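Visitor: Next comes the sequence, and after it the predicted model I'd like to discuss.
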Amino acid sequence: MKEKLLGMTLEELRGAAVSCGLKPFVGTQLADWLYSKKVRGWDAMTNMSKASKTALSERYDLGTEAPCGTAVSSDGTKKYLFPVSSQENTGEQSAIEAVMIPDDDRRTLCVSSQAGCKMGCRFCMTGRQGFHGNLDAAGILNQFISIEESRNLTNAVFMGMGEPLDNYGAVSRAIDVLTAPWGFAWSPKRITLSTIGVIPVLRRYLDTQKCHLAVSLHNPFPEERLEMMPVQKAYPVEDVVSLIRQYDFSGQRRVSFEYTMFAGFNDDKRHADALIRMLRGLECRVNLIRFHKIPDFPYVSSSERRMEEFRDRLNNNGIICTIRSSRGEDILAACGMLAGQHLQHH
Ligand code: SF4
């Protein structure tokens, strides 16, 4: 398989040009077309000679790939499906998804980092699919480039399929391209990485990147959290919070905690009070999330009233807490759903 240009650094693109007998500036032109202008094919690269393109394409693939399906919600949320054929994968049939969420003047892309996931969270459809492979940096960046809104995106969240810290080589490379002046030139403030808390890799992320962090917390009590999230055994959430306390979140970088509300599981005063104790003094925000029921899973979402009470209890005790609005429910934009259906159809 040919090496992909998408995902390469400027230096690597310049090196790729040289390896094809071309001048290094052709690599700079490639970075401009791929990352700044976000074109998807050789034909659009109008200032490059045909000979340069032929030499490059004999050795390299651009790495762009069109979506294989889309669905648009009545609220404007749009879901794209991409095949995983060109990505490092286990050879099984699979698809990954990217969800574009418009909100006033923001257009946020929810990005996948893996096909499926190894982490096995019980409430997650992606987790149920099992693991089908890591995306490479091209597979991650392609979600930004090969969609209709590619030039108008304002924000990105690594919150789609997969655990980004379980594929951190590709994820950090993609973030480097997104934030480099020769790349997309995005401010790190436009990007949030969401994780269940893979501690050693989380430390690396916090040491080397400046993007925001979201942590899937879901329950402050270790034994209860373990019921839903096997990761609690290897990386207890108490240790994740201790690690986060070692970093400064009072400036540009923010940390939030995701808390999906399950009726009768994690939504009473006992949980709210434990959460308040756990997060006291930390500059952070808690996002409460409605749960979209999935088959063969005993819990349903907490009621609106219960969620509001929980939110108010946190806010009254100095923890900023909001209820996240649900988007794209009519196209099953909830984690893993459309890709799950896609899998069943093949
Ligand atoms: Fe993986 Fe995230 Fe789903 Fe857990 S919630 S199984 S980490 S995709």
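Guide: Received, thanks. Worth saying up front: this structure is predicted, and the values here are computed from it rather than measured. Numbering: from 1, shown residues only.
Visitor: And the residue of the stretch 1-150 of the chain found nearest the ligand, what's its pLDDT?
Guide: Relative to the ligand, the nearest point of the stretch 1-150 of the chain is G127 (2.7 Å; C-beta to the nearest ligand atom). In short, each C-beta sits where N, CA and C put it, glycine included. For G127, the pLDDT comes out at 88.
Visitor: which parts of the stretch 151-300 of the chain sit against the ligand?
Guide: Contact residues, the stretch 151-300 of the chain versus the ligand (C-beta under 6 Å from any ligand atom): 161-163, 196.
Visitor: Now with 8 Å, please.
Guide: 161-163, 166, 194-196, 216, 229, 231 (C-beta under 8 Å from any ligand atom).
Visitor: Just put the residues you listed in a markdown table and tack on pLDDT, neighbour count and secondary structure.
Guide: Output for those, formatted as a markdown table (pLDDT from 0 to 100; neighbours: other C-beta atoms under 10 Å; DSSP: H, G, I helix; E, B strand; the rest coil):
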| residue | pLDDT | neighbour count | secondary structure |
| --- | --- | --- | --- |
| M161 | 93 | 28 | coil |
| G162 | 95 | 29 | coil |
| E163 | 96 | 26 | coil |
| D166 | 98 | 19 | helix |
| S194 | 96 | 21 | strand |
| T195 | 97 | 26 | strand |
| I196 | 97 | 26 | coil |
| S216 | 96 | 24 | strand |
| M229 | 96 | 24 | coil |
| V231 | 97 | 24 | helix |
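Visitor: tell me which of these is nearest to L275?
Guide: Within those, proximity to L275 (C-beta to C-beta) peaks at S216, which comes in at 13.4 Å.
Visitor: ok, what's across the strand from the residue nearest to the spatial centre of the chain?
Guide: Central residue of the chain (C-alpha atoms, centre = their mean): F158, 1.5 Å from the mean position. As for beta bridges, F158 partners with L193 under DSSP bridges.
Visitor: That one touches S113, doesn't it?
Guide: Yes: in this structure F158 lies within contact range of S113 using C-beta atoms under 8 Å: 5.8 Å.
Visitor: Touching both of those two, which residues are there?
Guide: Counting by C-beta atoms under 8 Å, 6 or more residues apart in numbering, the contacts common to F158 and S113 are 164, 171.
Visitor: just checking, the residue of the stretch 1-150 of the chain closest to the ligand touches G120?
Guide: Yes: G127 is within contact range of G120, at 5.0 Å (criterion: C-beta under 8 Å).
Visitor: The two: who's more crowded?
Guide: Comparing G127 with G120 by other C-beta atoms under 10 Å, the one with more neighbours is G127, at 22 against 15.
Visitor: How about the secondary structure of that one?
Guide: Of the three states, G127 takes helix under DSSP: H, G, I helix; E, B strand; the rest coil.
Visitor: S256: which element?
Guide: strand 255-261 (DSSP states H and E).
Visitor: Tell me which other helices or strands that strand touches.
Guide: strand 212-216, strand 285-290, helix 304-316 (3 or more C-beta pairs under 8 Å, 6 or more residues apart in numbering; DSSP states H and E).
Visitor: right, so those: which one is the most enclosed?
Guide: strand 212-216 (a mean of 22; mean count of other C-beta atoms under 10 Å).
Visitor: Give me the residues contacting the next helix-or-strand element following that strand.
Guide: On the C-terminal side of strand 212-216, the closest following helix or strand by DSSP H and E is helix 222-228. Under the criterion C-beta under 8 Å, 6+ apart, residues 121-123, 217-219, 232-233, 236-238, 265-266 lie in contact with helix 222-228.
Visitor: what's the average pLDDT for stretch 250-259?
Guide: 95.
Visitor: Can you lay out the residues of the stretch 151-300 of the chain next to the ligand as a markdown table showing distance to S94?
Guide: What follows is these, written out as a markdown table (distance: C-beta to C-beta, whole Å):
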| residue | distance to S94 |
| --- | --- |
| M161 | 9 |
| G162 | 11 |
| E163 | 16 |
| D166 | 16 |
| S194 | 21 |
| T195 | 22 |
| I196 | 21 |
| S216 | 22 |
| M229 | 23 |
| V231 | 22 |
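Visitor: can I assume G328 is in contact with V99?
Guide: Yes: with contact defined as C-beta under 8 Å, G328 counts as touching V99 (6.6 Å).
Visitor: domain assignment for this structure?
Guide: What the record gives for the chain is the domain set 3-61, 69-345, from automatic domain parsing.
Visitor: what's the distance between the last one and the middle of its chain?
Guide: Read it as domain 69-345. Here domain 69-345 is found 6 Å from its chain centre; the criterion is C-alpha atoms, centre = their mean, to the nearest Å.
Visitor: What of stretch 60-79?
Guide: With C-alpha atoms, centre = their mean, you get 15 Å for stretch 60-79.
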